[in-house]
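**Student:** Provide a 3D model corresponding to the input given below.
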Amino acid sequence: MKDKFYNYIQQLQDTITSKLEEVDGVAKFQEDLWKRPEGGGGRTRVIENGAIFEKGGVNISAVHGALPQSMQNYFGVKDADFFACGLSLVLHPKSPMIPTVHANWRYFEMYDKEGNIVDQWFGGGQDLTPYYLFEEDAMHFHSVCKKACDAHNPEFYANYKKRCDDYFWNSHRNEARGVGGLFFDYCKATDGMSMQNWYNFVTEVGNSFLEAYVPTVIKRKELPYTQKQRDWQEIRRGRYVEFNLVHDKGTLFGLKTNGRIESILMSLPPHVQWHYDHHPEEGSEEEKLIQALQKPKNWV
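**Tutor:** Residues are numbered from 1 along each chain as shown. Here you go, the predicted model:
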């Protein structure tokens, strides 16, 4: 399973980066191959200063070795080894009219000292973070997510949509990071789902990503915007940074397992603003976004 899924994310990385280069029309992904001293490595691809994408990364990694003490404590195990692989992407467009997007699909195995698998699971999801709320964009994103889920279980979309709303919640701000999507984790061979079933589901979601996001990029890329709107985008990006550094489990896992810092922090946008006690004008489009983020909405 680990070889099969790693082959899948290698191909998916190629598919996604090729399409994004075509959509951007100017910038190309810079590739960086790296190795982790304790075992494994990855293939980082970063795009910067494009016509559409100001900064983005589409990264894959496969790492293995002894599970660090902090993670042994987290999982409640002793002397365990692990293997983890996944694809993680974040795209920060230049235009505030185009939403930021994040996605991740991953697989994890844990072993005893004899090398037997003692646990294994899939996780992942995809979510959308707009700066100006076009409701039809959120509806399209969620419709594609629901279609991918419905092909496997009629309960998946509602469950994983709610988990996404709960997970990407900036509790210290009492607001969502964005308009959500899907979030699933610890997907194990139980409840009538084999690991092969989970593989089929996770890869279906991964394959749906471009359909969920690219049409919105194309629809919004020619819209004009002002410096004031750009400033608002950078203020909202600050909330994105806060979530990733304070709450995100993937970021914290990478930092605690001696992950590659450049790859872990590639999710952070290049230009961000923090203003003291900033509030949008009453009745403005900016306030409309804030109101939508204060209470998760059913988009489909």
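
**Student:** show me where the stretch 51-200 of the chain has its helices.
**Tutor:** 69-75, 135-150, 156-167, 195-220 (DSSP state H, counting those that start in this stretch).

**Student:** and the second one, what's its mean pLDDT?
**Tutor:** The one in question is helix 135-150. Helix 135-150 shows a mean pLDDT of 98.

**Student:** what does it rub up against?
**Tutor:** By CB atoms under 8 Å, 6 or more residues apart in numbering, the list of residues contacting helix 135-150 from outside reads 99, 126, 128, 130, 156-157, 160-161, 179-182, 201, 204-205, 207-208, 211-213, 215-216, 219-220, 297, 299-300. Backbone N, C-alpha and C define where each C-beta goes, glycine included.

**Student:** now the buried members of the residues you listed.
**Tutor:** 99, 126, 128, 130, 156-157, 160-161, 179-182, 201, 205, 208, 212-213, 216, 220, 299 (16 or more other CB atoms under 10 Å).

**Student:** number of residues surrounding the residue nearest to residue 174 when sequence neighbours are not counted?
**Tutor:** Once flanking residues are discounted, residue 174 sits nearest to residue 294: 7.1 Å by CB to CB, 6 or more residues apart in numbering. Other residues near residue 294 come to 11 when the count uses other CB atoms under 10 Å.

**Student:** residues touching residue 294, list them.
**Tutor:** Shown in contact with residue 294 (CB under 8 Å, 6+ apart): 174-176.

**Student:** now, of those, which are buried?
**Tutor:** 175-176.

**Student:** can you tell me which of the contacts of residue 294 are in strands?
**Tutor:** 175-176 (DSSP state E).

**Student:** now, which of the contacts of residue 294 sits nearest residue 38?
**Tutor:** Each of the contacts of residue 294 was scored against residue 38 by CB to CB, and residue 176 proved nearest at 35.7 Å.

**Student:** closest one to residue 59 among the helices of the stretch 51-200 of the chain?
**Tutor:** The closest of the helices of the stretch 51-200 of the chain to residue 59 is helix 195-220. By CB to CB, the value is 13.9 Å.

**Student:** in three-state terms, label residue 296 for me.
**Tutor:** Three-state assignment for residue 296 (DSSP: H, G, I helix; E, B strand; the rest coil): coil.

**Student:** residues contacting the nearest residue to it once chain neighbours are set aside?
**Tutor:** Nearest residue to residue 296 in three dimensions, chain neighbours excluded: residue 165, at 3.9 Å (CB to CB, 6+ apart). Under the criterion of CB under 8 Å, 6+ apart, the neighbours of residue 165 are 176, 180, 296.

**Student:** surely the first one is in contact with residue 169?
**Tutor:** I take that to be residue 176. Yes. With contacts counted by CB atoms under 8 Å, residue 176 reaches residue 169, the gap being 5.7 Å.
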